[in-house]
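Student: Predicted model and sequence follow; I will ask about them next.
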Amino acid sequence: MKKIEVFGTGCKKCIQTEEMIKNKAQEMGAEIDLSHIFDPVEIATRGIMTTPAVMVDGKLVHKGGLPNDGEIAQWLAGAD
Amino acid sequence: MLELFTKLADFVTYDALNIDPVSHLAEAVHFFVEDTTKIFFLLTALMLIVGFLRSWISPEKVRNWLDGKSKILAYFLAVVLGAITPFCSCSSIPLFIAFLSSGIPLGVTMAFLITSPMVNEVAAILFGETIGWHFTFAYVATGMLTGMVGGMLIDLLKLEKWVEPFVFEVKAPTQDLDEPKLTIKKRLRHAWDETADILKRVWIYVLLGVGVGAGIHGFVPQEWFITHAGADNLFAVPVAVLMAVPLYSNVTGVIPVAEVLIAKGLPVGTTLAFIMSTVAISLPELVILRKVLKLKMLAFFVAYLALAFIVVGYGFNWLF
């Protein structure tokens, strides 16, 4: 199961990013372990400065702004 | 090329709506049509270009550039980069922590954070197109100087004591993460998304701003401003600055109003002080920063900015 982490301090785009991933996973029937890190200290200690950011299995795949549908599908399929 | 918008406004006002050209209403409608179309056109075109170009700059790169620079150079770089680096206000806390954690001085970090919302590239370009490029220069220079002096003061007064202590205990990695690759196509898409996003956020301010501007343009006589807020009235500058503090607004909405105020004879310094105060002192931003800065620091920050803008206002009124 893929571990997907969304990093964002709670702005609209961060929440939206999480929802987009959740919806896409449902649509694709992909089982994922999705979490959202809100704590700015943890975000900084993980080396992230631009939010929303997304990590898949600990690897940074996206930062700043909303991801698009195709990108999310790639992360979920693991074809990155 | 921009005469196209004047012609469009001529057509809408005098031909399509058939308004008497010498009436107040015609002046207001003409101003509204010309300015809204021009601003939306410029905003879209320029944001696409700016968004594309600045996809090469990120807070991570800024940190690396600032790291280890001599202090004077660091303040200067911080405000220049602050003016052009994109980051959402919700990133300011992780960014603040990461900068301090990698050893960048508090004053340099604050100079970056202060300047970022204050000097806005879209505003700079719109000022040039509506009021004149000398105004753009005054705006950008004032913003950068305010940021630099503010940062220097913070270091000089050793205001680290007004930062929440936990910040200094965080150990953020100083090595950058492997960045996802950005193709040209992705950069273009980011620029497009960003532009659409900004338009969605500001269209109402633009309409409101131009609406107010059009009303003043058409109906308020010039003598009113000269009598009430001319350069001879010493209170005009501080009143303008203080009035603008709670009036946090999008700078794109303030520009059309400023354009009219200057045309009606409001002194450049007073107008500039008002605009800087509107855009730079933002309550939502302060609430976010409260997580890492003590109230004293926020109060210092607001007082410093208000004072700086008052000085700037008098300075420019005296110069021009």
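Tutor: Arrived safely, thanks for sending. Numbering: from 1, shown residues only, chains lettered A, B, ... in the order given.

Student: As a check, name the ranges of all strands in chain A.
Tutor: Counting by DSSP state E, chain A has strands at residues A:2-7, A:32-37, A:53-56, A:59-63.

Student: so which of those gets nearest B:Phe166?
Tutor: For B:Phe166, the closest of those is strand A:32-37, at 17.1 Å, according to Cβ to Cβ. In this view, the C-beta of every residue, glycine as well, is placed from N, C-alpha and C.

Student: on that earlier part again, mind checking which of the strands of chain A is nearest chain B?
Tutor: Each of the strands of chain A has some distance to chain B by Cβ to the nearest Cβ; the shortest is strand A:59-63, at 4.7 Å.

Student: circling back: tell me the most buried of the strands of chain A?
Tutor: strand A:53-56 (a mean of 23; mean count of other Cβ atoms under 10 Å in any protein chain shown).

Student: ok, that one: who's next to it in the sheet?
Tutor: Using DSSP bridges, the strands paired with strand A:53-56 are strand A:2-7 (antiparallel), strand A:59-63 (antiparallel).

Student: for the shortest one, the distance to its chain's centre please.
Tutor: Going back to what we said before, that points to strand A:59-63. Mean-position distance between strand A:59-63 and its chain equals 8 Å (Cα atoms, centre = their mean, to the nearest Å).

Student: can you list the residues that contact that strand?
Tutor: A:48, A:50-55, A:71, A:75, A:80, B:58, B:177-180 (Cβ atoms under 8 Å, 6 or more residues apart in numbering or on different chains).

Student: Kindly report the same for stretch A:3-17.
Tutor: Under Cβ under 8 Å, 6+ apart, the answer for stretch A:3-17 is A:18, A:21, A:32-38, A:40, A:43, A:46, A:48, A:51-58, A:65-67, A:75-76, B:88-91, B:93-94, B:288.

Student: The same query, at a cut-off of 6 Å, please.
Tutor: With contact meaning Cβ atoms under 6 Å, 6 or more residues apart in numbering or on different chains, stretch A:3-17 is reached by A:18, A:32-38, A:40, A:43, A:48, A:51-57, A:66, B:90.

Student: do stretch A:31-43 as well
Tutor: Contacts for stretch A:31-43 (Cβ under 6 Å, 6+ apart): A:1-7, A:9-10, A:18, A:25, B:93-94, B:170.

Student: one more time with 7 Å
Tutor: In this structure, residues lying in contact with stretch A:31-43 by Cβ atoms under 7 Å, 6 or more residues apart in numbering or on different chains are A:1-10, A:18, A:21-22, A:25, A:51, A:76, B:93-94, B:97, B:170, B:291.

Student: The closest residue to chain A within the stretch 201-320 of chain B in helix, strand or coil?
Tutor: Going by Cβ to the nearest Cβ, chain A is nearest to B:Lys291 of the stretch 201-320 of chain B, at 6.7 Å. At B:Lys291 the chain is in coil, as set by DSSP: H, G, I helix; E, B strand; the rest coil.

Student: who touches the spatially closest residue to it that is not a sequence neighbour in this structure?
Tutor: Residue nearest to B:Lys291 in three dimensions, not counting chain neighbours: B:Ile93, with 5.6 Å by Cβ to Cβ, 6 or more residues apart in numbering or on different chains. For B:Ile93, the contact set (Cβ under 7 Å, 6+ apart) comprises A:9, A:40, B:288, B:291-292.

Student: Packing partners of whichever strand or helix holds B:Gly313?
Tutor: Using DSSP states H and E, B:Gly313 sits within helix B:295-319. Contacts defined by 3 or more Cβ pairs under 7 Å, 6 or more residues apart in numbering or on different chains; DSSP states H and E place helix B:295-319 against helix B:133-156, helix B:236-244, helix B:268-280.

Student: Can you add distance to chain A and give those helices back as a markdown table?
Tutor: Shown next, in a markdown table, are those (distance: least, Cβ to the nearest Cβ, whole Å):
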| stretch | distance to chain A |
| --- | --- |
| helix B:133-156 | 19 |
| helix B:236-244 | 25 |
| helix B:268-280 | 19 |
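
Student: For the helix holding B:Gly313, buried residues please.
Tutor: Going by neighbour count (16 or more other Cβ atoms under 10 Å in any protein chain shown), the buried part of helix B:295-319 is B:297-298, B:300-301, B:304-306, B:308-310, B:312-317.

Student: Near B:Phe99, how many other residues are there?
Tutor: B:Phe99 has 26 neighbours, counted by other Cβ atoms under 10 Å in any protein chain shown.

Student: Pull the number of nearby residues for the nearest residue to it once chain neighbours are set aside.
Tutor: Nearest residue to B:Phe99 in three dimensions, chain neighbours excluded: B:Thr109, at 4.3 Å (Cβ to Cβ, 6+ apart). A count of neighbours around B:Thr109, defined by other Cβ under 10 Å, yields 26.

Student: host element of B:Thr109?
Tutor: helix B:106-118.

Student: Contacts for that helix, please.
Tutor: Under Cβ under 7 Å, 6+ apart, the answer for helix B:106-118 is B:66, B:74-75, B:78-79, B:81-83, B:85, B:87, B:92, B:96, B:99-100, B:143-144, B:146-148, B:150-152, B:154-155, B:159-160, B:163, B:276, B:279-280, B:282, B:285.

Student: same question for it, mean pLDDT?
Tutor: What helix B:106-118 shows for mean pLDDT is 90.

Student: and it with helix B:295-319, angle?
Tutor: Our comparison of helix B:106-118 with helix B:295-319, counting by axes from the mean of the first three to the mean of the last three Cα atoms, to 10 degrees, yields an angle of 60 degrees.

Student: Which SSE is immediately downstream of helix B:106-118?
Tutor: Scanning onward from helix B:106-118 (DSSP H and E), the first element met is helix B:121-130.

Student: returning to that earlier point: would you convert the strands paired with strand A:53-56 into a markdown table that also reports mean pLDDT and distance to B:Leu46?
Tutor: Below are the strands paired with strand A:53-56 laid out as a markdown table (pLDDT from 0 to 100; distance: least, Cβ to Cβ, whole Å):
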| stretch | mean pLDDT | distance to B:Leu46 |
| --- | --- | --- |
| strand A:2-7 | 92 | 30 |
| strand A:59-63 | 88 | 24 |
